[in-house]
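K.L.:
I would like to see how this sequence folds:
(3 chains)
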Amino acid sequence: MLDLIGSIVIVIGVIFVSIGVIGIYRFNNFYARALAASKVDTVGFITIILGVILKSGFNFFTLKVIVILIVNMLINPMITHSIVRSAKISGYKIGKE
Amino acid sequence: MTLIIAILVILTVISAIRILIGPSLWDRLLGLNLVTSKLMMLIILVALVRKQTFILDLALVYALLSFMGIIFIALFIQRKGRF
Amino acid sequence: MRKRIYYLQLALLLTTLWVIFFEKISIIIILSGFFFSVFSIYFSEKYLVDDSFYTFYPFNIFKILRYSLFMFFEIYKSGFSIIPYIISGKANPGFVDIYTELESNLDIVILANSITLTPGTITVDVQGHSLQVLWINPSTTQPTMAGIKIKGRIEKKIKEGL
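P.N.:
Got it, this is the predicted structure:
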C-alpha cells in the first residue's frame, strides 16, 4: 500500500519536472526561463524525494536521502542567485532576445 | 519504475539541448544546472531500485562538485575573465 | 549556560551525520564520532573562524525544523501558482526593490535564500536593508506593497524567532 502511494508521488514529481522542462522552451526571455527552471529544482526534487522516502521505509537509506535533500535545499538558491546575478551585472537587458 | 527512469532520461536529454542552442552564456549555465539536478534524481532512483546505499554517496559528491563548478563559472563570467 | 547547550547541540548534530555516513550503530562509532566532532569544532574555532560560532550562527535545531516545515508549504503554494504562466507562455518579469526590517546578517541571509527557494521570485542583490528581487509578473513596483506580497509571511515567521 505504502509502495503504491510512493510510486504515485514519484509520478507527480516527474510531472512537475516535465512542466519545468517545457517552461525553459516556451519563454523567449532569459529571466523568465531562469524563473521557470528554478521551479524544477525545488518542487520536483522535493516531491520525488518524498516518494522515495515513502517507498523505502525507515532505515539508513532514508536518513541518507534526507541528508541529500537538506544539502540540495541549501545549495539550489545559491546556484540560481549566482547565475541571475552574473547576467544582471554583465548588463543583460530584460527585453533583449 | 523502469518507465519512470526512462522518462527522466529523456527529459535530461531534452534539457541538455538547451546547452547546445542557448543564445547566451547564462542560458547554457541554466541548462547545466537542470541537467545536474536531473542526474541527481536519476542516481537516487537507481539506488532505490538496486537497494544499495553506497550509490547515494555519489549523488552527494556530485551535488557538491556541481555547486563549486557552476558558482565559479558564473563568477568568472561576471568579472569578465579577471578572477 | 546557553552557550554550553549550543555547543552540545552542534556536536550532537555532527555526530548524527557521522553515524548516518557509517550506516551502522555501535558504541565505538558513536564515541569516535563525538570525539572527532568536538575536535573539529575546537580546531575550526581556534584557527579558521575569527570569532566564535555562537556569535555568528546562533540557531536552535527545533526552531529550524519548524521553519523548514513552514517553508515546505510555502514552496508548494507558490509552485502551483506559477504553473499558469508556464502553460500560457506569457510573462514579463521585472526587478523590484523591497525593504526588510530584520537586523542581524544571518536573518537577512535566511530571508534572501527563502525568497529564492520559493518558485517565482529570485533575489539578485542585497545592500544593507534593501533587497533587489526578480519577480515573474510584477503587479506593483512600489517597495512596501511588493514587500508585503513577496516576503510578508516569511519575514513574520523569521522575526518570531529562529
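K.L.:
CA atoms for contacts and neighbours, from now on please.
P.N.:
Fine.
K.L.:
Any part of the helix or strand that contains A:Ser38 near chain C?
P.N.:
Element membership of A:Ser38 [criterion: DSSP states H and E] is helix A:30-39. Yes - applying CA under 8 Å from any CA of the partner chain, one finds helix A:30-39 touching chain C at A:Tyr31, A:Ala32, A:Leu35, A:Ala36, A:Ser38, A:Lys39.
K.L.:
so for the helix or strand just after that helix, what's the average pLDDT?
P.N.:
Counting by DSSP H and E, the next helix or strand C-terminal to helix A:30-39 is helix A:45-56. Mean pLDDT, helix A:45-56: 90.
K.L.:
List the contacts of helix A:45-56.
P.N.:
A:2-14, A:62, A:65, A:69, B:37, B:41, B:45, B:48 (CA atoms under 8 Å, 6 or more residues apart in numbering or on different chains).
K.L.:
let's go with 6 Å and repeat that
P.N.:
Residues outside helix A:45-56 that contact it (CA atoms under 6 Å, 6 or more residues apart in numbering or on different chains) are A:Asp3, A:Gly6, A:Val9, A:Ile10, A:Gly13, A:Thr62.
K.L.:
contacting residues around the second one?
P.N.:
Counting by CA under 6 Å, 6+ apart, A:Gly6 touches A:Gly51, A:Leu54, A:Lys55.
K.L.:
which of those tops the neighbour count?
P.N.:
A:Gly51 (22 neighbours; other CA atoms under 10 Å in any protein chain shown).
K.L.:
any low-confidence regions in the chain?
P.N.:
Here I'm looking at chain A. A:94-97 (pLDDT under 70).
K.L.:
um, chain C though
P.N.:
C:162.
K.L.:
Can you tell me the centre-most residue of the chain?
P.N.:
You didn't pick a chain, so chain A it is. In chain A, the centroid-proximal residue (CA atoms, centre = their mean) is A:Asp41; its distance is 1.4 Å.
K.L.:
wrong one, I was asking about chain B
P.N.:
B:Thr36 (0.7 Å).
K.L.:
For C:Gln142, see how far away it is.
P.N.:
37 Å (CA to CA, to the nearest Å).
K.L.:
what does A:Lys39 give?
P.N.:
26 Å.
K.L.:
what packs against the helix holding A:Ser38?
P.N.:
Taking 3 or more CA pairs under 6 Å, 6 or more residues apart in numbering or on different chains; DSSP states H and E as contact, the helices and strands that helix A:30-39 lies on are helix A:2-26.
K.L.:
From the chain's centroid, how far away is the helix it packs on?
P.N.:
10 Å (CA atoms, centre = their mean, to the nearest Å).
K.L.:
again, but for stretch B:68-77
P.N.:
14 Å.
K.L.:
got a list of contacts for that stretch?
P.N.:
Contacts for stretch B:68-77 (CA under 6 Å, 6+ apart): A:Ile83, A:Ser86.
K.L.:
Pull out the buried positions in it.
P.N.:
Under the neighbour-count criterion of 16 or more other CA atoms under 10 Å in any protein chain shown, stretch B:68-77 has B:Ile70, B:Ile71, B:Ile73, B:Ala74, B:Leu75, B:Ile77 buried.
K.L.:
Please give the element, helix or strand, for the fourth one.
P.N.:
Using DSSP H and E, B:Ala74 maps to helix B:54-78.
K.L.:
any idea how far that helix is from the chain center?
P.N.:
With CA atoms, centre = their mean, you get 9 Å for helix B:54-78.
K.L.:
now stretch C:52-70
P.N.:
9 Å.
K.L.:
how long is it from one end to the other?
P.N.:
End-to-end span of stretch C:52-70 (CA to CA): 29 Å.
K.L.:
touching chain A at all, that stretch?
P.N.:
No - using CA under 6 Å from any CA of the partner chain, stretch C:52-70 stays clear of chain A, coming no nearer than 9.9 Å.
K.L.:
And C:Ile29, how far from C:Ile20?
P.N.:
Distance from C:Ile29 to C:Ile20, by CA to CA: 11 Å.
K.L.:
Look at the two and report which has more neighbours.
P.N.:
C:Ile20 (18 against 15).
K.L.:
Using the three-state scheme, assign the residue nearest the centre of chain C.
P.N.:
Centroid check for chain C by CA atoms, centre = their mean gives C:Ile110 as the closest residue, at 3.6 Å. Three-state call for C:Ile110 (DSSP: H, G, I helix; E, B strand; the rest coil): helix.
K.L.:
Quick one: residues contacting it.
P.N.:
By CA under 6 Å, 6+ apart, the contact set of C:Ile110 is empty.
K.L.:
Chain A against chain B: which residues are in contact?
P.N.:
Checking chain A against chain B by CA under 6 Å from any CA, the hits are A:Phe61, A:Ile68, A:Ile83, A:Ser86, A:Ser90.
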